[in-house]
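A.B. asks: Requesting a structural model of the entry that follows:
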Amino acid sequence: MPRETYNIKRVRNIGIIAHIDAGKTTISERILYYTGKSHKIGEVHDGEAIMDWMPEEKERGITITSAVTTCYWRNHEIHLIDTPGHVDFTIEVERSLRVLDGAIGVFCAVGGVEPQSETVWHQADRYKVPKIAFVNKMDRLGADFFGTVQQMVDKLGANPLILQLPLGKEHDFKGVIDLLQIKAIVWQDETLGATYETIEIPAEYQELALKYHEELLEKLAEIDETIMELYLNEEPISETEIKRAIRTATLQLKLVPVLCGAALKNRGIQPLLDAVVDYLPSPVDVPPIKGDNANTGKTETRPADEKAPFCALAFKIMMDQGRKLTLVRVYSGKVKVGELVYNPRQRLKERIARIFQLHADKREHLEEVKAGDIVAFAGLKHITTGDTLCDENHPIILEPIDFYRPVISIAVEPKTKEDEEKVTFGLQKLAEEDPTFQVKTDEDTGQTIISGMGELHLDIIIQRLAREFHAKVTTGRPQVVYRETITQTVTVDKIFKKELGTTIHFGHVKIKVTPLARGAGVKFKRTLSETDIPPAFWPAIEEALDNILHQGVVAGYPMVDIEVDLCGGSTDEHATELGYRIAASQALKEACEKAIPILLEPIMKLEVALPDEYMGEVIGDINSRKGQVEAIEKKGKITVISATVPLSQMFGYSTELRSMTQGRGAFTMQFLRFDKVE
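C.D. replies: Sure thing, here's the model as predicted:
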């Protein structure tokens, strides 16, 4: 579909989400091949996947950064984002889902619904993203289609609607049974799955197919009046009518259509693309984006219409040979190369130097973009992830993207004097690109401390520092990033009055701190009146309070699970901003110290999959790491142990597990919560 005939109703902004190794990138590569975007299927295991373009991705065979591409199917323009499955890069999924209209959830037919699948699925639920599910790896030993669908119900709370059944399974998997057409689809191996034929369903599968076709109609009749009427009157229901009902139910988040296949064997991809076109939303099918007017603070909406005022969200910053590329989702209006766009958060205008349509690490120049597009802008120097770009005459600030706080840190030092400047510059650029990566200098030791979401995350950062910025560093041992909180409610009244220079500074505040439940974060309240402290001083007071919360009072870690109430104070003729800042800082520090502060450490959710014979030793090891085993589940010949373990006890676990299980055990670990250090 050429750009000159651009039709927003024929646009699909979709992402592929799943647990690591479920086959997301393998599916993406087939989509590119069958839509004609690439002329060769790139395989992850060969390090040749187009969507895994970073050297670190090719080397490890995993997706690290969300890759964006555009392809065309049945005269529809599909903007596709292939997201990582590893827990260390969850932010990539989070910010992708923030700007997508629909998602394909991929599940391994052997592993079923795995931990990271749950995480990303619930992220999509939070953003109310309509989804279709694809049960992959039907050709693998132990593949269980119906078991995986049941896990979608049990673990995800989903309402799956089976549209296809597998034709055979494991090494006998030949194709799929389409429950809408009541036909079987079989792929040709000699054409790498590019061609397939529709045949009659083999006799041994006909009864099963009719049973599930009937179930499909019953499920649709429960939520669609037209289907119900036809079904009850035993009138024929056309395929067009069934597709309309499925689309409506999918967009309303009432159902999740389920398809199946084996991406590595090139089976099941074309019907998946058809489902994207048929059932997932275009930008006009989702509710208009909401935001706050930057001048009045009132909530406004922006419809997916090129005639509406321009509005876009910067969801990712990329460094490209030292230059800054900003990935944006355009929600409304249109903009051309060379035009000025307004950043209401920073209250500044910037000019778009170039616009690119991305295809992984390759790009194509565009002169103009419109509502519904996902593109990259070059030339924006001051923008950060989560900023809104808009028309200055219609300023709007969209809801920012939630970021995860780092849970692990290491000290880094330049290897040589020449590396110092490169390291500082490189770390600054990488921190701009990745909001879950933080850099700070330890005031006591002068060391540079980098923090991230896991050992792999920081390992990748170090590699990128060397490759992209030619900066070599030595690293210290990984350290856990703790948090601080309080255990009692305390109120402190503080007056500051002092002559500094030639000016008398006065500030008087009353602060109340209250402990909150784990995971509640930080909450600010103001229960004072405008006669206590003039409102002009409130922002300065809150900024001072925020600074103290970031510094902590026990060991310099940020404070969480605390409510801070600015509940009183007074003013006089010498009242100054500095006076109130100092009074607020002293009051909060004293209150937290009196409220019996404690340290919190990151607790991880651990899942270990291993053969039965090693179970006793692995459970014993988890207990020795202060872990708590919560469930033991049998999946065929494999046992899955679920546990919670302090992150501080888990460094080097992959080596230990390999040793205990002779290389046959595998584990996944993700952040669960902060809890009291025992």
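A.B. asks: which stretches of the stretch 201-350 of the chain form strands?
C.D. replies: 256-260, 289-293, 299-302, 311-320, 323-332, 334-336, 340-343, 348-351 (DSSP state E, counting those that start in this stretch).
A.B. asks: Quick one: closest of the ones you listed to residue 138.
C.D. replies: strand 256-260 (5.4 Å; CB to CB). Every residue, glycine included, has its C-beta placed from N, CA and C.
A.B. asks: now what about the closest one, what contacts it?
C.D. replies: If you take CB atoms under 8 Å, 6 or more residues apart in numbering as the criterion, strand 256-260 is touched by 105, 109, 131-136, 138, 145, 149, 152, 158-166, 176, 246, 250, 268, 271-272, 275, 279.
A.B. asks: just stretch 611-619 next, same as before
C.D. replies: 608, 610, 629, 632, 637-639, 641, 657, 660-662, 664-665.
A.B. asks: Buried residues in it, which are they?
C.D. replies: 614-615, 618-619 (16 or more other CB atoms under 10 Å).
A.B. asks: How many residues are close by residue 432?
C.D. replies: For residue 432, the count of nearby residues is 16 (other CB atoms under 10 Å).
A.B. asks: next SSE after the helix or strand of the chain with the lowest mean pLDDT?
C.D. replies: Ranking every helix and strand in the chain by mean pLDDT, DSSP states H and E puts helix 55-60 at the bottom, with a mean of 46. Under the assignment DSSP states H and E, the closest C-terminal helix or strand after helix 55-60 is strand 67-73.
A.B. asks: Lowest average confidence across the strands of the stretch 201-350 of the chain, which one?
C.D. replies: If you rank the strands of the stretch 201-350 of the chain by mean pLDDT, strand 311-320 sits at the bottom with a mean of 85.
A.B. asks: Could you name the helices and strands sitting against it?
C.D. replies: Packed against strand 311-320, as judged by 3 or more CB pairs under 8 Å, 6 or more residues apart in numbering; DSSP states H and E, are the following elements: helix 90-99, strand 289-293, strand 323-332, strand 388-390, strand 396-398, helix 419-433.
A.B. asks: okay if I get these as CSV plus distance to residue 365?
C.D. replies: Output for the helices and strands packed on strand 311-320, formatted as CSV (distance: least, CB to CB, whole Å):
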stretch, distance to residue 365
helix 90-99, 22
strand 289-293, 27
strand 323-332, 13
strand 388-390, 19
strand 396-398, 27
helix 419-433, 22
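A.B. asks: and residue 377, which of the ones you listed is closest to it?
C.D. replies: strand 323-332 (4.7 Å).
A.B. asks: Summarise which helices and strands that closest one is packed against.
C.D. replies: Looks like strand 323-332 contacts strand 311-320, strand 374-378 (3+ CB pairs under 8 Å, 6+ apart).
A.B. asks: Name the nearest residue to the residue most central in space within the chain, ignoring sequence neighbours.
C.D. replies: Among the residues of the chain, the one closest to the centroid is residue 94, at 1.9 Å (CA atoms, centre = their mean). Distances taken as CB to CB, 6 or more residues apart in numbering place residue 123 nearest to residue 94, at 5.9 Å, with adjacent residues excluded.
A.B. asks: you'd agree the one you found is up against residue 96?
C.D. replies: No - Residue 123 is beyond contact range of residue 96, at 9.4 Å (criterion: CB atoms under 8 Å).
A.B. asks: more crowded one of the two?
C.D. replies: Comparing residue 123 with residue 96 by neighbour count (other CB under 10 Å), the higher total belongs to residue 96, at 30 against 20.
A.B. asks: Please report how far that one lies from residue 310.
C.D. replies: 22 Å (CB to CB, to the nearest Å).
A.B. asks: what does residue 488 give?
C.D. replies: Taken as CB to CB, the span from residue 488 to residue 310 is 51 Å.
A.B. asks: which of those two has more neighbours?
C.D. replies: residue 310 (25 against 12).
A.B. asks: picking that back up, of the contacts of strand 256-260, grab the buried ones for PyMOL.
C.D. replies: Buried members of the contacts of strand 256-260, defined by 16+ other CB under 10 Å, are picked up in PyMOL with:
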select buried, resi 105+109+131+132+133+134+135+136+138+145+149+152+158+160+161+162+163+164+165+166+176+246+250+268+271+272+275+279
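A.B. asks: What sits closest to residue 222 if chain neighbours are left out?
C.D. replies: Nearest to residue 222 is residue 228, by CB to CB, 6+ apart, at 7.5 Å.
A.B. asks: Excluding residues flanking it in the chain, which one is nearest residue 68?
C.D. replies: With CB to CB, 6+ apart, the residue lying closest to residue 68 is residue 358, at 4.5 Å.
A.B. asks: In this structure that neighbour contacts residue 377, no?
C.D. replies: No - between residue 358 and residue 377 there is no contact under CB under 8 Å: 11.2 Å.
A.B. asks: quick one, which of the two is more surrounded?
C.D. replies: A direct count of neighbours by other CB under 10 Å for residue 358 and residue 377 places residue 377 higher, at 26 against 20.
A.B. asks: and that one, what is it in contact with?
C.D. replies: 325-326, 328, 341, 352-355, 389.
A.B. asks: got those as JSON lines, with distance to residue 583 and neighbour count columns?
C.D. replies: Shown next, in JSON lines, are the contacts of residue 377 (distance: CB to CB, whole Å; neighbours: other CB atoms under 10 Å):
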{"residue": "325", "distance to residue 583": "45", "neighbour count": "22"}
{"residue": "326", "distance to residue 583": "41", "neighbour count": "24"}
{"residue": "328", "distance to residue 583": "43", "neighbour count": "27"}
{"residue": "341", "distance to residue 583": "41", "neighbour count": "22"}
{"residue": "352", "distance to residue 583": "46", "neighbour count": "20"}
{"residue": "353", "distance to residue 583": "47", "neighbour count": "13"}
{"residue": "354", "distance to residue 583": "50", "neighbour count": "16"}
{"residue": "355", "distance to residue 583": "50", "neighbour count": "24"}
{"residue": "389", "distance to residue 583": "39", "neighbour count": "25"}
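A.B. asks: Serialize those residues to TSV and add fields for distance to residue 449.
C.D. replies: Formatted as TSV, the contacts of residue 377 follow (distance: CB to CB, whole Å):
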residue	distance to residue 449
325	28
326	28
328	32
341	35
352	36
353	35
354	36
355	37
389	33
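A.B. asks: just curious, which of those residues is nearest to residue 113?
C.D. replies: residue 328 (32.6 Å).
A.B. asks: what are the bridge partners for the closest one, then?
C.D. replies: residue 314, residue 375 (DSSP bridges).
A.B. asks: what's the spacing between it and residue 98?
C.D. replies: Residue 328 is 12 Å from residue 98, by CB to CB.
A.B. asks: So the residue nearest to the centre of the chain versus residue 453, what's the distance?
C.D. replies: Residue 94 is 11 Å from residue 453, by CB to CB.
A.B. asks: Same check on residue 216?
C.D. replies: 41 Å.
A.B. asks: Between these two, which is the more surrounded one?
C.D. replies: residue 453 (23 against 19).
A.B. asks: gap between the two ends of stretch 340-355?
C.D. replies: For stretch 340-355, the separation between the terminal residues is 13 Å (CA to CA, to the nearest Å).
A.B. asks: Need the residues that contact it.
C.D. replies: By CB under 8 Å, 6+ apart, stretch 340-355 touches 294, 310, 312, 335-339, 365-369, 375-383, 387-392, 395-397.
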